[in-house]
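Q: A structural model of the following input is requested.
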Amino acid sequence: MSINRGTIVPVKTVEEQLAIILSEALNIPRQRAEKLLESKATRILRYKNIRYIVIRRDIAGHYEGTTILLDEQGGYRLIEGYPHIKRILLLKKALETHFIDKIVVEEKMDGHNTRIVRFNGELYAITRGGYICPYTTMRFKRKYGEKANTIFDELGEDTIIAGEVVGLENPYTRVYYPEAPDWDYFVFDVFTGGLNPLDVEKRRALVEDAGLRSVPLLGVINREDYEELRRILEKLERLGREGVVLKDPYYRVEPLKYTTSYINVKDIEDGMRFPFDEGHTFIFPRLLRQMFKAYEESWDEQRIEEEALRLGRALLVPALESIRKYSMGEMLGEVFELTFYSWEDLEDFVSHEAMLGVPLTILGVQEYPGILRARILKHKHTPEHYRRIFRTGLSPLD
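A: Next up is the predicted model:
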């Protein structure tokens, strides 16, 4: 059993108990644990009948997004944050210097990274940031709950299933996939005993046998097969897909990721719809990827002109459209639809987002037998900046 019951000591307050658990879970002095609980480095939250601690930055060898689940009897389970994956800028050089021999090429899907864990017999979906997402938990349990439990039964309670949630019925990243138009979950890692990944072949067989879906396998190449990898990426480019994650079959070295030119520019375009929320953080990292891609692939003048025009439009057009909408009194924000199976599920999701400081407005709910379709507006900060600019004529940045 992987649930730790902790050291039995008399405690006077909940805060003292949490400090003891955090100290033991992270293997840090209790005094440091107490300071962390008082700082912005941690958050203490509740989901239904469990409390949990979110670790909001790398601490003592544990990644940001690490979560500690707590039960009412004083037990806990540490869920390690998902490891950072380094990004490739020069593809050929990375193949030559990083990998040993074989490379598994899996598709990097455009959604949100979610870990599935089982604690005291219940499944929970944990976001990359370490939060239990009520909506994803509900959707996953309904579609894959019994199937996922077979994996936990086989591998044990300390197992972590990691995958990508994709589709348009997604509260975080909405991208249409023909194979997953509304909502689905694609496994890309299974960890045991903390962060020990299963070999790729074993993991994919386990996931298939359980009836879950894996991210697409695009090929297994030798590290010298740069041209073959280029062909795979060119096909993804034509299809408008995000990119690849390159893995050693046995995880002898860490995975690496590489994105297509299509997604680099599309991310900028999407971010610039709300430039004061996302635009400035989206631009330079993606511009950097395009710079080195152009260098490595020796783009000719025509290709440079085409990409420069595409990049320039991505920077200017969506931002200009949002300014025009604001000036005409239109409401700015992301509008999307999600499926729920009860009013309680809907209320849990809205409460969760409010707790994270994400303001939502329910624009309407359609009821069908056993299903609720909610149309939701996610508010942005960009209109606040536009309001000040239109009032004063001054830049908020310099």
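Q: What helix or strand is residue 378 located in?
A: Following DSSP states H and E, one finds residue 378 within strand 371-379.
Q: From the contact counts, what lies against that strand?
A: strand 333-340, helix 343-355, strand 360-368 (3 or more CB pairs under 8 Å, 6 or more residues apart in numbering; DSSP states H and E). (Glycine included, C-beta is placed from N, CA and C.)
Q: These: which one's closest to residue 125?
A: Of all those, helix 343-355 sits nearest to residue 125, with 11.4 Å by CB to CB.
Q: quick check, residue 268 in a strand?
A: No. According to DSSP: H, G, I helix; E, B strand; the rest coil, residue 268 belongs to no strand; its state is helix.
Q: about what we covered before: for the helices and strands packed on strand 371-379, which one sits closest to residue 251?
A: The closest of those to residue 251 is helix 343-355. By CB to CB, the value is 33.0 Å.
Q: how does this structure divide up, domain by domain?
A: By the record's domain assignment, the chain is partitioned as 14-79, 86-259, 262-327, 333-379 (automatic domain parsing).
Q: Figure out the length between the terminal residues of the last one.
A: What that stands for is domain 333-379. Using CA to CA, to the nearest Å, the end-to-end distance of domain 333-379 comes out at 5 Å.
Q: Check the second one too.
A: Between the start and the finish of domain 86-259 there is a gap of 12 Å, counting by CA to CA.
Q: and residue 218, helix, strand or coil?
A: strand.
Q: nearest residue to it other than its sequence neighbours?
A: Spatially, and ignoring its direct neighbours in sequence, residue 218 is nearest to residue 105 (4.4 Å; CB to CB, 6 or more residues apart in numbering).
Q: Next: residue 113.
A: Distances taken as CB to CB, 6+ apart put residue 128 closest to residue 113, at 4.2 Å, once the chain neighbours are dropped.
Q: just checking, what packs against the next helix or strand after the strand holding residue 378?
A: For strand 371-379, the succeeding helix or strand toward the C-terminus, using DSSP H and E, is helix 382-392. Counting contacts by 3+ CB pairs under 8 Å, 6+ apart, helix 382-392 is packed against helix 301-327.
Q: pLDDT on the helix it packs on, on average?
A: For helix 301-327, mean pLDDT rounds to 93.
Q: Same question for stretch 112-131.
A: Summarised as a single mean, pLDDT over stretch 112-131 is 97.
Q: distance between it and the chain's centre?
A: Chain-centre distance of stretch 112-131: 12 Å, with CA atoms, centre = their mean, to the nearest Å.
Q: What residues sit buried inside that stretch?
A: Using 16 or more other CB atoms under 10 Å as the test for burial, stretch 112-131 gives 112-119, 123-131.
Q: for that stretch, how far is the first residue from the last?
A: Chord length of stretch 112-131, first to last residue, is 12 Å (CA to CA).
Q: Ok, which of the helices and strands packed on strand 371-379 comes nearest residue 383?
A: In terms of CB to CB, the element of the helices and strands packed on strand 371-379 nearest to residue 383 is strand 333-340, at 8.0 Å.
Q: for the protein, what spans make up the helices?
A: For the chain, helices defined by DSSP state H occupy the ranges 14-26, 30-38, 91-98, 134-155, 200-210, 226-239, 261-271, 280-296, 301-327, 343-355, 382-392.
Q: buried residues in the last one?
A: Within helix 382-392, the residues scored as buried using 16+ other CB under 10 Å are 382, 383, 385, 386.
Q: so how far is residue 284 from the last one?
A: Using CB to CB, to the nearest Å, one obtains 23 Å as the distance from residue 386 to residue 284.
Q: what do you get for the first one?
A: According to CB to CB, residue 382 and residue 284 sit 19 Å apart.
Q: With the second one instead?
A: Residue 383 sits at a distance of 24 Å from residue 284 (criterion: CB to CB).
Q: chain center to stretch 124-139, what's the gap?
A: 10 Å.
Q: can you list contacts of it?
A: By CB atoms under 8 Å, 6 or more residues apart in numbering, the residues outside stretch 124-139 that reach it are 45, 47, 52, 54-56, 64-67, 69, 79, 81-82, 112-118, 123, 140, 165, 169, 171-172, 183, 338-341, 345, 348-349, 351-352, 356.
Q: again with stretch 307-326
A: 261, 265-266, 268-270, 272-275, 279, 283, 287, 290, 294, 299, 332, 382-383, 386, 390.
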